[in-house]
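**Q** Take this sequence and fold it.
(one chain, ligands or ions: 1)
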Amino acid sequence: MQDTLLIVEDQFIEANNLKIILLKAEYRVLPIARSVDDALEIIDVQVPDLVLLDIFLKGERTGIDLAHILKARGIAFVYLSANSDKSVFTAAKMTGPYGFLIKPFRERDVLAMLDIAWYHHSQKNMVRESESKHKNPVNIISKDGELKKIVGESDSIQAVLRNVETVAETNVPVLLLGESGTGKELIAKLIHELSHRRSGKLVVVDCAAMPPHLIESELFGHEKGSFTGATEKRIGKFEQANGGTVFLDEIGELPLDLQVKFLRVLQETEIEPIGGKRRKVDVRILAATNRNLEEEMANGRFRLDLYYRLNIFPIQLPSLRQREADILPLAEHFLKVQADRFGKEITGFSDEAKQMLVSYQWPGNVRELENLVTRSILLCVGSQITDVQIPKVHQLGEAGADLKIKTITESERDLILSALRECNWKIYGPGGAAELLDINASTLKSRMKKLGI
Ligand SMILES: Nc1ncnc2c1ncn2[C@@H]1O[C@H](COP(=O)(O)OP(=O)(O)OP(=O)(O)O)[C@@H](O)[C@H]1O
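**A** Sure thing, here's the model as predicted:
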């Protein structure tokens with residue numbers, strides 16, 4: 001089957017010459033688009049295999065704006081541009097094209113670039129296919145009737161799932177590492193569900209949430225009368241989980257004296273309730289932290305022996321910004337789940353909203369994404385989410401960084417550049433630099449021209 005190409009170019013003669021070259025090389029070429037709107041109309045009817053994209057086009061939106069949309073839709077593209085200006089090139093590069101040709105170009109340069117683009121595109125598709133062939137070990141967790149799906153297409157989350165598959169059936173303790181909101185607790189639940197302990201309990205203990213004077217009794221239990229106020233015997237979490245799994249979240253918060261007692265659970269599978277005798281428990285330990293345990297050890301806050309005992313099988317959860325490929329699948333997943341929950345009929349995100357989602361850094365990781373999607377659903381009035389309220393404080397991150405006194409022109413230039421960078425060089429529409437700077441897009445464009453950006 002012939003590969004189908006779309007040329008997006010506002011110069012009629014150049015577009016036509018290019019079309020002739022491509023037809024001669026036996027590509028199928030869709031009608032030429034002269035603006036972003038034209039291109040979108042064509043793509044809505046027929047998805048091309050690859051788009052050849054000029055940067056400055058007819059109409060308000062640029063090729064870089066279109067590239068963001070193509071990227072969100074998973075359509076490959078290469079740039080063809082007469083403009084080799086460094087800032088434009090940098091902005092174009094950030095959209096992840098398969099190639100960039102400076103006009104005027106020779107026929108064989110175009111064809112060679114297309115060959116390379118096809119090669120990279122097919123490699124990427126092969127990786128995607130092999131990823132989707134790898135079935136998640138169990139991606140549905142049922143607990144108290146609650147269904148949870150583990151979503152993730154990126155290499156890094158697939159590697160996590162493979163590790164989970166490897167370790168789940170063993171009795172080895174697992175240390176889950178990663179920033180807050182990356183899914184450590186969810187993975188702990190998955191490990192439990194995949195283990196032979198699945199019919200036993202999974203007891204979750206958040207070490208950071210317990211008052212220090214109660215942790216020992218909570219974890220190990222106490223005998224009646226063992227201290228003032230111990231009016232009843234208490235069964236600790238380790239014993240409650242007998243035959244099952246204990247997940248200790250925020251293990252880095254466990255006080256040093258209790259780390260020794262916990263080490264005994266790991267080494268001897270024994271607990272010692274306050275005021276009681278040592279006894280055996282049959283539990284598997286999963287622990288998580290978003291702290292750097294090596295640093296904690298260096299500062300004397302975490303025991304070396306416990307660290308080595310726990311660190312037999314560490315699993316590092318990647319931050320969301322390290323796995324951009326997962327942002328949209330996760331967002332779509334939360335949209336479906338939460339829209340059902342609130343009884344709203346929302347079909348999806350607009351291209352602009354998708355672009356805003358993939359451009360943001362997600363310091364709060366998957367939890368922040370889930371919350372933002374929920375908020376967007378509640379605020380959504382139509383059948384599509386067209387706006388997501390990315391926190392402004394992060395968008396403005398770079399603008400105030402440089403405090404050196406500059407001329408007004410220099411400051412204006414820096415500010416515009418920071419805003420453009422924050423918005424991945426999107427000028428118009430929601431999440432664009434004009435919105436961020438709170439000025440009219442055409443004013444921004446004329447300021448950019450004047451300042452040579
Ligand atoms: N891959 C994923 N697929 C679907 N939902 C996910 C995924 N990862 C995380 N979540 C959801 O994101 C939220 C945060 O995840 P979780 O509580 O497991 O993170 P955490 O790393 O344990 O956070 P913390 O360190 O703050 O305790 C949860 O609602 C969880 O269900």
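**Q** Please tell me how far the closest residue to the ligand within the stretch 51-200 of the chain sits from residue 219.
**A** Scanning the stretch 51-200 of the chain for proximity to the ligand using Cβ to the nearest ligand atom identifies residue 183 as nearest, at 2.8 Å. Bear in mind the C-beta positions are built from the backbone N, C-alpha and C, glycine included. Noted for residue 183: a distance of 24 Å to residue 219, by Cβ to Cβ, to the nearest Å.
**Q** Next one: residue 318 from residue 22, what distance?
**A** 39 Å.
**Q** just residue 389 next, same as before
**A** Residue 389 is 42 Å from residue 22, by Cβ to Cβ.
**Q** Please identify which of these two sits among more neighbours.
**A** residue 22 (20 against 11; other Cβ atoms under 10 Å).
**Q** What is the burial count for the residue nearest to residue 236 when sequence neighbours are not counted?
**A** Taking Cβ to Cβ, 6 or more residues apart in numbering as the measure, residue 236 lies nearest to residue 221, with 3.2 Å between them; neighbours along the chain are not counted. Applying other Cβ under 10 Å, we find 23 other residues in the vicinity of residue 221.
**Q** mind listing what residue 221 touches?
**A** Residues in contact with residue 221 (Cβ atoms under 8 Å, 6 or more residues apart in numbering) are 233, 234, 235, 236, 238, 239, 271, 273, 274, 276.
**Q** How much space separates it from residue 87?
**A** In this view, residue 221 and residue 87 are 64 Å apart by Cβ to Cβ.
**Q** for residue 266, what are its contacts?
**A** Residues in contact with residue 266 (Cβ under 8 Å, 6+ apart) are 173, 285, 306, 309, 310.
**Q** Adding distance to the ligand, secondary structure and neighbour count, write those out as CSV.
**A** CSV is the format used below for the contacts of residue 266 (distance: Cβ to the nearest ligand atom, whole Å; DSSP: H, G, I helix; E, B strand; the rest coil; neighbours: other Cβ atoms under 10 Å):
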residue, distance to the ligand, secondary structure, neighbour count
173, 17, coil, 21
285, 16, strand, 22
306, 19, helix, 21
309, 21, helix, 17
310, 16, helix, 25
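**Q** Spit out the contact partners of the closest residue to residue 240 other than its chain neighbours.
**A** Nearest in space to residue 240, with sequence neighbours left out and distances taken as Cβ to Cβ, 6+ apart, is residue 203 at 5.3 Å. Applying Cβ under 8 Å, 6+ apart to residue 203 gives the contacts 237, 238, 240, 241, 244, 245, 246, 247.
**Q** For residue 203, what is the enclosing helix or strand?
**A** Per DSSP states H and E: residue 203 is located in strand 202-206.
**Q** Using PDB, write out every CA atom in stretch 238-254.
**A** As requested, the backbone C-alpha atoms of stretch 238-254 are provided in PDB (Å, rounded to 0.1, in the frame of the first residue of the first chain):
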ATOM      1  CA  PHE A 238       1.500  -6.900  61.600                       C
ATOM      2  CA  GLU A 239      -0.700  -9.400  63.400                       C
ATOM      3  CA  GLN A 240      -3.900  -8.200  61.700                       C
ATOM      4  CA  ALA A 241      -2.200  -9.000  58.400                       C
ATOM      5  CA  ASN A 242      -1.200 -12.500  59.400                       C
ATOM      6  CA  GLY A 243      -1.300 -14.600  56.200                       C
ATOM      7  CA  GLY A 244      -1.300 -11.500  54.100                       C
ATOM      8  CA  THR A 245       0.700  -8.400  53.300                       C
ATOM      9  CA  VAL A 246       1.600  -5.200  55.200                       C
ATOM     10  CA  PHE A 247       2.300  -2.100  53.100                       C
ATOM     11  CA  LEU A 248       4.300   0.500  55.100                       C
ATOM     12  CA  ASP A 249       3.900   3.800  53.300                       C
ATOM     13  CA  GLU A 250       6.500   6.500  54.100                       C
ATOM     14  CA  ILE A 251       8.900   4.100  55.700                       C
ATOM     15  CA  GLY A 252      11.500   6.900  55.900                       C
ATOM     16  CA  GLU A 253       9.300   8.400  58.700                       C
ATOM     17  CA  LEU A 254       9.600   5.400  61.000                       C
END
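**Q** Could you pull out the buried residues of it?
**A** Of the residues in stretch 238-254, 238-242, 244-254 count as buried by neighbour count, 16 or more other Cβ atoms under 10 Å.
**Q** Return the mean pLDDT over it, rounded to an integer.
**A** For stretch 238-254, mean pLDDT is 94.
**Q** Please apply the same query to stretch 16-31.
**A** The pLDDT scores in stretch 16-31 average 93.
**Q** Contacts for it next, please.
**A** If you take Cβ under 8 Å, 6+ apart as the criterion, stretch 16-31 is touched by 2-7, 9, 32, 42, 46, 48, 52, 80, 107, 110-111, 114.
**Q** just checking, next helix/strand downstream of whichever strand or helix holds residue 308?
**A** Residue 308 is located in helix 304-310, with elements delineated by DSSP H and E. Towards the C-terminus, the helix or strand next in line after helix 304-310, according to DSSP H and E, is strand 313-316.
**Q** gap between that next one and the chain center?
**A** Counting by Cα atoms, centre = their mean, to the nearest Å, strand 313-316 is centred 19 Å from the centre of its parent chain.
**Q** Tell me the helix or strand right after it.
**A** Toward the C-terminus, strand 313-316 is succeeded by helix 327-341 as the next helix or strand (DSSP H and E).
**Q** tell me what the helix or strand following that next one is packed against?
**A** Next along the chain after helix 327-341, taking DSSP H and E as the criterion, comes strand 348-349. Packing partners of strand 348-349 (3 or more Cβ pairs under 8 Å, 6 or more residues apart in numbering; DSSP states H and E): helix 327-341, strand 384-385.
**Q** Which of those sits closest to residue 120?
**A** Closest of those to residue 120 is helix 327-341, at 20.6 Å (criterion: Cβ to Cβ).
**Q** ok, residues contacting the closest one?
**A** Under the contact criterion Cβ under 8 Å, 6+ apart, helix 327-341 has outside partners 72, 149, 151-153, 320, 345-346, 348-349, 354, 357-358, 362, 366, 369-370, 373-374, 377, 385.
**Q** Please apply the same query to stretch 225-240.
**A** 201, 203, 205, 217-224, 246, 265, 271, 273-276, 281, 283.
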